[in-house]
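1. model this:
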Amino acid sequence: MKKNSVLRTSGIGKYFYDPVKFKALDDITFEAYQGEFLTLIGKSGSGKSTLLYVLSTMDTEYEGDLFIDGEKITGQTLDKLAAIRNKNIGFVFQFHYLLPEFSCLKNIMIPALKLGKYSSKEIEEQAYKSMEVLGVQDQALKPAAKLSGGQQQRVAIARAMINNPKIIMCDEPTGNLDSKNTQIVFDIFQRISKEFGQTIIAVTHDNDFAKASDRTIELADGKIINHDLKF
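-> Prediction:
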């Protein structure tokens with residue numbers, strides 16, 4: 001069965017210039033497919049987080065081309081890129097970045113309210129559905145600051161899901177979690193990719209996390225050294 005490509009790169013290169021000119025990414029070419037759980041691995045300084053920043057459309061200073069859902073992203077205006085991000089990409093980071101004084105429900109709703117595609121009532125209903133999938137529906141009205149670290153990260157994942165993006169990009173999503181909560185988050189990503197058809201692209205230092213994903217790409221010195229890696 002033919003796989004549907006949701007993200008494709010062609011010859012991505014990236015330079016940093018401070019303190020000296022340095023090539024951080026070198027000819028990065030790969031595809032990510034619908035419903036795939038893909039991990040990016042490599043030692044510190046390998047370029048994996050730099051690559052994720054380019055893939056997220058937030059870094060526009062690069063060589064080569066980036067396509068999301070068949071649309072060429074490279075060269076688009078900043079306003080268009082912001083609209084593409086809000087529609088197509090959800091973000092999960094090592095730190096949850098929840099607004100501590102807001103309820104979990106409100107935190108989850110923010111990206112959808114910003115998108116403006118649905119009414120507040122419809123967004124609230126979707127937020128509750130996302131929380132139910134992630135097992136935090138009973139925390140909906142609590143301030144985010146009152147939750148445990150594992151619960152906060154699950155709320156952050158629900159926030160990333162709210163606009164039903166094609167891709168959820170994650171930068172060390174389990175970096176601050178213990179082994180139990182790491183497993184919970186991994187199981188959630190597996191469910192999101194398989195049941196909802198959303199693509200997960202996650203940067204990780206956790207080899208066990210990477211081994212259990214569908215596919216791994218390994219970087220070193222800004223280059224892909226192992227493509228479609230199966231442990």
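2. from memory L99 sits against A145, does it?
-> No - with contact defined as CB atoms under 8 Å, L99 does not reach A145; the gap is 9.0 Å. (C-beta placed from N, C-alpha, C; glycine too.)
3. for the chain, which residue is closest to the average position?
-> Central residue of the chain (CA atoms, centre = their mean): M169, 1.1 Å from the mean position.
4. for the longest helix anywhere in the chain, name the packing helices and strands.
-> In the chain, assigned by DSSP state H, the helix with the most residues is helix 179-196. Helices and strands touching helix 179-196, by 3 or more CB pairs under 8 Å, 6 or more residues apart in numbering; DSSP states H and E, are strand 37-41, helix 120-134, helix 149-161, strand 167-171, strand 199-203.
5. what residues does it touch?
-> By CB atoms under 8 Å, 6 or more residues apart in numbering, the list of residues contacting helix 179-196 from outside reads 35-37, 133-134, 149-150, 153-154, 157, 161, 164, 168, 170, 173-174, 177, 198-200, 202, 206, 209, 212-214.
6. quick one, it and helix 120-134 angle?
-> 120 degrees (axes from the mean of the first three to the mean of the last three CA atoms, to 10 degrees).
7. for helix 179-196, buried residues please.
-> N181, T182, I184, V185, F186, I188, F189, I192, S193 (16 or more other CB atoms under 10 Å).
8. biggest separation within the residues you listed, which pair?
-> Maximum pairwise distance among the buried residues of helix 179-196 (CB to CB): 18.8 Å, between N181 and S193.
9. pull the helix or strand with minimum mean pLDDT from this protein.
-> strand 223-229 (a mean of 84; mean pLDDT, DSSP states H and E).
10. for that one, name the packing helices and strands.
-> Counting by 3+ CB pairs under 8 Å, 6+ apart, strand 223-229 packs on strand 22-33, strand 215-220.
11. can you tell me the strand partners of the longest one and which way each runs?
-> Think strand 22-33. Next to strand 22-33 in the sheet, as set by DSSP bridges, lie strand 5-16 (antiparallel).
12. now do the strand it pairs with: everything it contacts.
-> Identification of contacts with strand 5-16 by CB under 8 Å, 6+ apart yields 21-34, 47, 50-51, 54-55, 59, 61-70, 166-167, 199, 201, 222.
13. with stretch 21-29 instead?
-> For stretch 21-29, contacts defined as CB under 8 Å, 6+ apart pick out 9-16, 47, 50-51, 54, 62, 64, 221-224.
14. buried members of these into ChimeraX, please.
-> Burial among these is assessed by 16+ other CB under 10 Å; the matching ChimeraX selection reads:
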select :9,10,12,14,47,50,51,54,62,64,222,224
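15. which residues touch the residue nearest to V54 when sequence neighbours are not counted?
-> Ranked by CB to CB, 6 or more residues apart in numbering and with sequence neighbours excluded, the top spatial neighbour of V54 is Y62, at 5.2 Å. Counting by CB under 8 Å, 6+ apart, Y62 makes contact with I12, G13, K14, L25, V54, T74.
16. okay then, goodbye and thanks.
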